[in-house]
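Chemist: Sequence plus predicted model, see below.
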Amino acid sequence: MPLTPISRKPPGVAPPATPGLSGLTTLAVGVVVVGALYLAQDVLIPLVLAILLSLALAPIVSFIRRFLPWRIPSVLAAVTLALGLFVGLGFVIGEQITELAGNVPQYRTEVEKKLSGLQEGLVGRASDLLREASEEFRRATAEPEPQAPNGGETTPQSGSEQAMLVRVQEPAPSPLTIAQNVLGPLIKPITTAGIVLVVIVFILLQREDLRDRLIRLFGASDLHRTTVAMNDATRRLGTFFLTQIGLNAAFGVIVGVGLWIIGVPNPALWGVFGTLMRFVPYIGGFIAAAPPLLLGAAVDPGWSMVIWAAGLFVVSEALMAQVVEPMMYGHSTGMSPLAIVVSTLFWGFLWGPIGLLLATPFTVCLVVLGRHVERLEFLDVLFGDRPALTPVENFYQRMLAGDPDEAQDQAEQMLKIRSLSSYYDEVALKGLQLAALDFQRGVLTPTQVETIRSQTRALVEEFSERPDQEPEQSAAEKNSPDGPTLAEKALPDDEAPLRQAPEVDARPTGWRGETPVLCIAGRGQLDEAASAMLAQLLSKHGLNSRVVPYDGVARSSIAQLDVEGVAMVCVSYLDISGNPAHLRYLLRRLRKRIPGAPMLVGLWPADDAILTDATLRREVGADYYVTSLREGVDACLGALRAAATAEAAGQDSRSATSSSLENTRSGSLARSAASLA
């Protein structure tokens, strides 16, 4: 039966899309959402505060439930603990502010002395020079004064009226007015706090129900994955916010104690202020440093207190940001630096000072949801600090741009959590497939393809000393608050570790050669790189092999192919262009040259027709068909075990036959002796 070529139309390049109604609708929806966020801030701010605080209290509730199995007492205990902490901080802040207000006149006197001293010193001299220069410039550019008529001088008008001093006496305020002036500013914060408290309690009591509703909205088509993602996101966010609150509180304690030792007044107030301001990314620590520095300048006659306080803030912020936070949870926020700045400006513009405090936690929520919910993946792309391209696209783009160093850096990052065979299968091979398809449709030039091939071979050689095993993740990576991206989750988990080939002496006779496996590249220019990956993985599992280009097995050169010690042949194809006839003829030549050796064909595009058409597979004539390098290594190890089993069975058969002949011979001799007797 002749083989029918399978037509495969090269994908074309789609024309650029023009803006349409969909884009305008998206823009309009964005404007409406921003307007709603601004106009409804009185409702949304308490709700967002409640959600964030409930996420921070969720781990505490889970911890309390280990000792109290009932949900309601556990939730009330956690909320009471948090409420007591906030009330205590409120009393401390109020007392500190009252003390600070009483000492303001004394601080004003000291500030005036320092300012007068500065004016008499270098600053004063510089100010005098600037004033004199300004006066000279004014004189040089001033117009001549107008002269009075007839050369007379102008005289003030006579009969001017004398101004009268009028004093307005306001009536004494009534008790109702005093109560309104005192309690009026407190009504809104108290109302907001009450709403936040009630919503927190209901969220903590109805966590499972809210989770199920979110699953119904965003992922009802795949309940298992969505449930796992929601639970993972909630756990990571709760741990992250609780850790962030703890670290910021530790920063406030360090600042408060340090300022108390230095002698800055009201250190408890500045410690609490530092804790709150550190929720503002990048500039929060420096904003927190401004008031105590000014107060130190007002209290200390010299400048030593200001210098020591500035050093305290610089060292504490650097230590927390560069040492403690990376040790605790890997990334400080999980967002890109530009996203942090933009989100801070955006939420500060919309919701004022409270928006500055909520910007980072709220945007972290959006990033983590984008990494778990497919419909919200654009949030991760916009705000996340992970690469926007998939690992496959990044590999191909870096190779295409002639930057193998960045491709290797990406590979090193992935190899911290995945095995080498998984990286080759799910990233490198798929990136080479993209290049092969682009070359097929005429997008890539032969020079570019050759560059990709050589750079890939060089990348493979860089990993020659790395074992093929799944690495253990560090504690920081396991507890990272951001988690893997959806593109990284698309990579399948590693299966059971591949076995190692037995030692040479324990192998069957045909597999004891120096290179028992021959890896042959297909006709494509990039097939040799795929064969190099397979050969390297085989060597890491105890089977030495060598790579032969396609020209080495052509009709004119296959007779010169060195096949000494070869026990198995592996042929790699990134793309057979829909016509497997040349593959069938290649296998025929190889069987004539290496009779008895099992043949493996690696078709890395898993949708190739040979893999689903049994007739094509029989006519091509390979013994094994695989779609991944991992399967190829496993197939070679399986062929080795099968050969060992067959050889052992053959030896047992020969031993049984020899023993039967010996018994027959012994029986014949015994019967002969008996007859002679």
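Modeler: Perfect, I can see it now.
Chemist: and the host helix or strand of I215, which residues are buried?
Modeler: If you go by DSSP states H and E, I215 is part of helix 207-218. Within helix 207-218, the residues scored as buried using 16 or more other C-beta atoms under 10 Å are R207, L210, R211, L214, I215, F218. Bear in mind the C-beta positions are built from the backbone N, C-alpha and C, glycine included.
Chemist: Relative to A298, which of the residues you listed is nearest.
Modeler: Using C-beta to C-beta, the shortest approach to A298 within the buried residues of helix 207-218 belongs to R207, at 49.2 Å.
Chemist: surely that closest one meets A58?
Modeler: Yes. Counting by C-beta atoms under 8 Å, A58 is a contact partner of R207 at 7.0 Å.
Chemist: Now for these two: what residues contact both?
Modeler: Taking C-beta atoms under 8 Å, 6 or more residues apart in numbering as the criterion, R207 and A58 both touch T234.
Chemist: now the residue nearest to F362 when sequence neighbours are not counted: how far from W347?
Modeler: Excluding the flanking residues, the one nearest F362 by C-beta to C-beta, 6 or more residues apart in numbering is V48, at 6.1 Å. According to C-beta to C-beta, to the nearest Å, V48 stands 10 Å off from W347.
Chemist: before we move on, back to that, give me the secondary structure label for the residue nearest to F362.
Modeler: V48 falls in the helix class when you classify it by DSSP: H, G, I helix; E, B strand; the rest coil.
Chemist: number of nearby residues for it?
Modeler: Number of residues near V48 (other C-beta atoms under 10 Å) recorded here: 21.
Chemist: can you pull the pLDDT of it?
Modeler: If you check V48, the pLDDT there is 85.
Chemist: can you tell me how far V342 sits from A567?
Modeler: Relative to A567, V342 is positioned 61 Å away (C-beta to C-beta).
Chemist: Give the residues shared as contacts by V48 and W347.
Modeler: L358, F362.
Chemist: Can you list the neighbours in contact with stretch 104-111?
Modeler: In contact with stretch 104-111 (C-beta under 8 Å, 6+ apart) are residues L295, A297, A298, V299, P301.
Chemist: Contacts only, for Q96.
Modeler: N266, A268, L269.
Chemist: State the mean pLDDT of the strand or helix carrying K188.
Modeler: Here K188 sits within helix 175-205, counting by DSSP H and E. The average pLDDT within helix 175-205 is 77.
Chemist: so what are the domain limits for the chain?
Modeler: 221-383, 389-471, 498-660 (automatic domain parsing).
Chemist: Please convert those domains to CSV, extending it with mean neighbour count, distance to L39 and mean pLDDT.
Modeler: What follows is the domains of the chain, written out as CSV (neighbours: other C-beta atoms under 10 Å; distance: least, C-beta to C-beta, whole Å; pLDDT from 0 to 100):
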stretch, mean neighbour count, distance to L39, mean pLDDT
domain 221-383, 19, 10, 79
domain 389-471, 18, 37, 84
domain 498-660, 18, 51, 82
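Chemist: With distance to E99 added, can I get those in JSON lines?
Modeler: Output for those, formatted as JSON lines (distance: least, C-beta to C-beta, whole Å):
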{"stretch": "domain 221-383", "distance to E99": "6"}
{"stretch": "domain 389-471", "distance to E99": "52"}
{"stretch": "domain 498-660", "distance to E99": "69"}
